[in-house]
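Engineer: sequence and computational prediction follow.
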Amino acid sequence: MKKQIFIFVFGIIPLFLEAQELNKTKIDERSQMEVLTGLCNRDGLKSDLFKSYFEPEYQSYQINNLIIDSLRKSIKNTDLRIVIVMGTWCGDSQEQIPRFYKIIDTLGFSESNITLYCVDRTKKTDQGETNELSITFVPTFIFYEKEKEIGRIIESPKISLERDMLDILSTQ
């Protein structure tokens, strides 16, 4: 089942990239504010609508360089892909997503191995890309190694993003 989900998610991504607009917005019913929805990338998070939380959190996050060194070694020999499901309306997403991007920038990890979906408050996208991912809380970071899910960080890390990432990769 997980392999089928992986094949669905990663097999259909190129089709969505061609057919779906990136960084689409809609009005959140509760707040009446614009939120990102569907397939997104860092440009959407750095847009005028959302940069007020992205930039300050990115700049202020202090990375643990000892863990980064170990994480860099763990990532080097992997076929790692990461799917992120977040809500631009969600405080945990506003905190954790900029931190994640600072970590991957420090690692030199390719954004081409990351798929970012923004969801509404129902934890869904308009096109249904995340329906098979069993998302209950956002943000959710799903780590895949060779078509197999190897771990998740859900809502907030247990210790820190970089430590939790290292723990997931160390179990492989």
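Structural biologist: Everything's here; your move.
Engineer: so where is the chain shaky, pLDDT-wise?
Structural biologist: Flagging of the chain using pLDDT under 70 yields the residue ranges 1-20, 172.
Engineer: quick one: the strands in it?
Structural biologist: 24-27, 34-40, 80-86, 114-118, 140-145, 148-154 (DSSP state E).
Engineer: could you check the angle strand 34-40 makes with the fourth one?
Structural biologist: When you say that, I think you mean strand 114-118. Orientation check (axes from the mean of the first three to the mean of the last three CA atoms, to 10 degrees): strand 114-118 against strand 34-40 gives 150 degrees.
Engineer: which other helices and strands contact strand 114-118?
Structural biologist: helix 2-19, strand 34-40, strand 80-86 (3 or more CB pairs under 8 Å, 6 or more residues apart in numbering; DSSP states H and E). C-beta: built from backbone N, CA, C; applies to glycine.
Engineer: strands paired with the last one, and their directions?
Structural biologist: Sheet pairing here is set by DSSP bridges, and for strand 80-86 it gives strand 114-118 (parallel), strand 140-145 (antiparallel).
Engineer: now these as a markdown table including distance to residue 63 and mean neighbour count?
Structural biologist: A markdown table is the format used below for the strands paired with strand 80-86 (distance: least, CB to CB, whole Å; neighbours: other CB atoms under 10 Å):
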| stretch | distance to residue 63 | mean neighbour count |
| --- | --- | --- |
| strand 114-118 | 17 | 24 |
| strand 140-145 | 16 | 21 |
